[in-house]
Structure formats: C-alpha cells, structure tokens
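Peer 1: Could you look at this predicted model? Sequence included:
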Amino acid sequence: WQSLERMDLRGKRVLTRVDLNVPMEGGQVTDTTRIDRIVPTVQAILARGGKPILLAHFDRPKGKVVPSMSLRQIVPALEQALGRPVSFASDCAGPEAESAVAAMKDGDVLLLENTRFHAEEEKNDPAFAAALARLGDVYCNDAFSAAHRAHASTEGLARLLPSCAGLLMAEELQALDRALGNPERPVVAIVGGSKVSTKLELLNNLVAKVDHLVIGGAMANTFLHAQGYPVGHSLHEPDLADTARAILARAEETGCEIVLPRDLVVARELAPGAAESFVSSHDCPDDLMILDVGPQTVSYVDTVLRQARTLIWNGPVGAFETQPFDAGTHALALKAADLTDAGGLVSVAGGGDTVAALNGAGVADRFTYVSSAGGAFLEWMEGKDLPGVAALG
Ligand code: 3PG
C-alpha cells in the first residue's frame, strides 16, 4: 500500500474513510478515542494542500435513514478534536454531497452523512461506489477498524481512485505486523473472553504462531471442563469439550505452551463486591462459579512474560466489569506495562473489552500499541485478510 505522505495532494479532493463509530449517550460522544486518532491524518491532508472529505458509517441502520444514527451529532466533537469548523452534508452521495464538495475552500473539512443510510454501501454496489468516487480525486483509507468489512466505502472505492493508507491505518498495520507478522520471539498471546465458540479460529491460528498462549475468562472454563475438572455453575460450553481437546493436542504438535489458570477466584454469583474465595483450578466447588484467575496464575504468567519479547492481548481474563473480579486482568495489565516500560517487551492489545480493561487499570498508554479496532483486530489475529487493507494493494 501507498502511504499518505507519498501522495501528491495539492488541490486534490481527498475522500477519506474514517471510523466515527464512537460510543454515544444522550446525543453526546462518551469516548472520543476514535475521533482523536484520525486527527493527524486530517491535519496531514490539510498541510499538504488537500481537501479532506470524511466518509464514515455510524452504527447499523441497515440501509435506512435513521435520524438517531446521523453523523451530524458527531460534528461538535470532531470540531473540538480538530480545532477548526467542520461542515456537514446530509447525504454521502448525490447532488447534496456534490454541491457541498464543490463549495469547499482551502482549509475546509467536510463530513458526509452515514454511508450505511444507503443499502448499497454494505452490498459494495459498484454504482454506489462510483457515485462516491465522483466526490474525490484521491481515496485515503484511515479506518483499519472497519477494514474487515468489504463495503463500498472501505473496499469498492480503493478500486476506483488512486488510493493510500491514512496515518492511523499505517500505524495499525505496522504495529500489528510487529506483534504477529514478524515478531521478536518468544511471543505470548493472552486471549480471554467468554466463549470458545467465538474465538475458535483465533485459538487455532495462535497455536500455530505464538510460543505461549494464555487462555483466560470463561473460555478457560471450557478447557478445564474438557480436561475433566469441575467448573461448578460457571459459564462454559460443554459441547465444545472435543474442540478444546483438539486445540490442546494441536498446541503439543506446534510446540505452543497453553497456559490455563492454575488457581481461580470463585464466588456464589457475579455481583459487585460478592464474597470471593480462591481455589485450585482443579477444585471449583459445585455451588460456586469461576470469575477470575487467581494470584498463582498471575505470578506464573508474569514469569512467562519476563522471558517474552512480544505480547499480543485480546480479551480480559476475568469478569472485569464487576469488582473484585477485575483483579487478575488489572494485575496482568500492570505487569505487562512495567515490562514494556523497562524496554523488554513489545505489547500490543486490541478489542473493545480489552481496551476498556486496560483503561480501567490505567495502563493503556503504557502499552506499545493499543489498536482502535474491535472486530477487525480479531479477524486480523485470526490470520484473515482484511478486504479494506487488501484493496489498498
Ligand atoms: C467497529 O465499531 O468495530 C467498526 O466501526 C465496525 O463496525 P461494524 O461491526 O458495525 O461493522
């Protein structure tokens, strides 16, 4: 792919795909991370004499105009982040968008309405992609976090206009390549979350690529159950016992050490402040549930991390949204941050819950790289080609 810095943008209309799918409550943006992270790209386009025309989706309106999903409500937060006014066109294609683009002067920034208000966007309809392409001279994709979608604005456009990766896209691709494509070894992956069924492809890909795979969260319960240990009334997937055993067998073949919890934090229920106790991972009592990894597990993972050069992390290792069951995730996050600070570890994390957990532990900015992507990060970790990246060439 071509980088933004190598494109001639002077006087050009730069159709820039960004991800403005930000959390909102009562019409207010509650987390501006994604907005903040596109600022360098927009500033770079302006500095190079281009006209940034921002194209994005918001939520899942399924091809209908849904006023509560209008990108208009993002304008104030975008203006604040950019420190300049942003104009808005209430359609992303057609006459309205064309006249808004025609009216742009040097230094202007234009945001177009939600691409998903048109059903053709998600169908990657060629006529719709062509209508979008008429608005620009150059296409810049800065939405790594939407690159797993083969939509008109993420994939189709790259085939119609001279294209480049925005600064955030380039940063994401470089950081992820450093963590899994071409990493310094040993590599440790920490994978948590609730279901083995949603992360099967991920686990299968990782056992072939990493040296140590730490499995936490309710996913680990399925593995403990598959090994014949009691899991009380913990969340687990008994139907996937064979699959879990197959993953363990594959890891033996590839020489990947699978690290399962050695001790557990258990309680009667998942409730804030519920009375917790600590048990061996082989002894979960029948009337309790597993809600976090215990201190012995944290200490063993710390030993593994100390010998590692690269960490890639997706998914909390406990029920981190409910205290005190965030302790295991927080302790591991702190250890990873300390090792990163000391210069020994490249640490890369991604996925919505993971980033929320690292923020909760106050260490997100001490990781080498925190991806802005959720689903795209997971698909990339699964070893899949992302259509939005592939189309950039
Ligand atoms: C995200 O929020 O992960 C991206 O914006 C993609 O959104 P989607 O899952 O609705 O395609």
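Peer 2: That came through fine. Residues are numbered from 1 along each chain as shown.

Peer 1: Quick check: which element contains the closest residue to the ligand within the stretch 151-300 of the chain?
Peer 2: Nearest to the ligand in the stretch 151-300 of the chain, going by C-beta to the nearest ligand atom, is His151, at a distance of 8.2 Å. C-beta coordinates here come from the backbone N, C-alpha and C atoms, glycine included. In the assignment (DSSP states H and E), His151 maps to no helix and no strand.

Peer 1: burial of it, as a residue count?
Peer 2: Residues lying near His151 (other C-beta atoms under 10 Å) number 24.

Peer 1: these two touch, right, it and Glu120?
Peer 2: No: when contacts are counted by C-beta atoms under 8 Å, His151 is not listed as touching Glu120 (9.3 Å).

Peer 1: Could you give the backbone dihedrals for Cys140?
Peer 2: Geometry field for Cys140 lists phi and psi as phi -120, psi 120, criterion degrees, to the nearest 10.

Peer 1: so it makes contact with Pro162?
Peer 2: No: contact between Cys140 and Pro162 fails when scored by C-beta under 8 Å: they sit 9.8 Å apart.

Peer 1: between these two, which one's more packed in?
Peer 2: Comparing Cys140 with Pro162 by neighbour count (other C-beta under 10 Å), the higher total belongs to Cys140, at 35 against 14.

Peer 1: measure the more buried one to Pro85 for me?
Peer 2: Between Cys140 and Pro85 the computed distance is 21 Å (C-beta to C-beta, to the nearest Å).

Peer 1: wait, what's in contact with Asp36?
Peer 2: Applying C-beta atoms under 8 Å, 6 or more residues apart in numbering to Asp36 gives the contacts Ala81.

Peer 1: Just the element for it, please.
Peer 2: Taking DSSP H and E as the criterion, Asp36 maps to helix 33-47.

Peer 1: Just the CA coordinates for that helix, please, in CSV.
Peer 2: Once side chains and other backbone atoms are set aside, the C-alpha atoms of helix 33-47 remain, and they are given as CSV (Å, rounded to 0.1, in the frame of the first residue of the first chain):
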residue,chain,number,x,y,z
THR,A,33,-10.6,8.0,21.2
ARG,A,34,-11.5,7.1,17.6
ILE,A,35,-12.1,10.8,16.8
ASP,A,36,-8.8,11.8,18.3
ARG,A,37,-6.9,9.2,16.4
ILE,A,38,-7.9,10.4,13.0
VAL,A,39,-6.8,14.0,13.7
PRO,A,40,-3.2,13.5,12.4
THR,A,41,-4.4,12.2,9.1
VAL,A,42,-6.9,15.1,8.6
GLN,A,43,-4.2,17.6,9.6
ALA,A,44,-1.7,16.0,7.2
ILE,A,45,-4.1,16.2,4.3
LEU,A,46,-4.7,19.9,5.0
ALA,A,47,-1.0,20.6,5.5
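
Peer 1: Name the nearest residue to Ala119, ignoring sequence neighbours.
Peer 2: For Ala119, the nearest residue in space outside its immediate sequence neighbours is Gly63; the separation is 2.8 Å by C-beta to C-beta, 6 or more residues apart in numbering.

Peer 1: In contact with Gly49, which residues?
Peer 2: Contacts of Gly49 were listed using C-beta under 8 Å, 6+ apart, and they are Leu9, Arg10, Gly11, Lys12, Asp106.

Peer 1: now do 10 Å
Peer 2: If a contact means C-beta atoms under 10 Å, 6 or more residues apart in numbering, then Gly49 has Asp8, Leu9, Arg10, Gly11, Lys12, Val14, Asp106, Gly107 as its contacts.

Peer 1: Secondary structure class of it, three-state.
Peer 2: When classified by DSSP: H, G, I helix; E, B strand; the rest coil, Gly49 comes out as coil.

Peer 1: thinking again about what came up before, of all the contacts of Gly49, which two lie farthest apart?
Peer 2: Of all pairs drawn from the contacts of Gly49, the greatest distance, 18.3 Å, lies between Asp8 and Gly107 (C-beta to C-beta).

Peer 1: Count residues in the vicinity of Pro324, would you?
Peer 2: Using other C-beta under 10 Å as the criterion, Pro324 is surrounded by 18 other residues.

Peer 1: Could you check how far the closest residue to the ligand within the stretch 201-350 of the chain is from Phe278?
Peer 2: When you check the stretch 201-350 of the chain against the ligand by C-beta to the nearest ligand atom, the closest residue turns out to be Gly350, at 10.3 Å. Applying C-beta to C-beta, the value for Gly350 to Phe278 is 30 Å.

Peer 1: Those two: who's more crowded?
Peer 2: In terms of neighbours (other C-beta under 10 Å), Gly350 is the more surrounded of Gly350 and Phe278; the figures are 27 against 12.

Peer 1: show me the contacts for the more buried one.
Peer 2: With the criterion set at C-beta under 10 Å, 6+ apart, Gly350 makes contact with 144-145, 172, 175-176, 179, 312-315, 369-374, 376-378, 380-381.

Peer 1: From the residues you listed, which land in helices?
Peer 2: Glu172, Ala175, Leu176, Ala376, Phe377, Leu378, Trp380, Met381 (DSSP state H).
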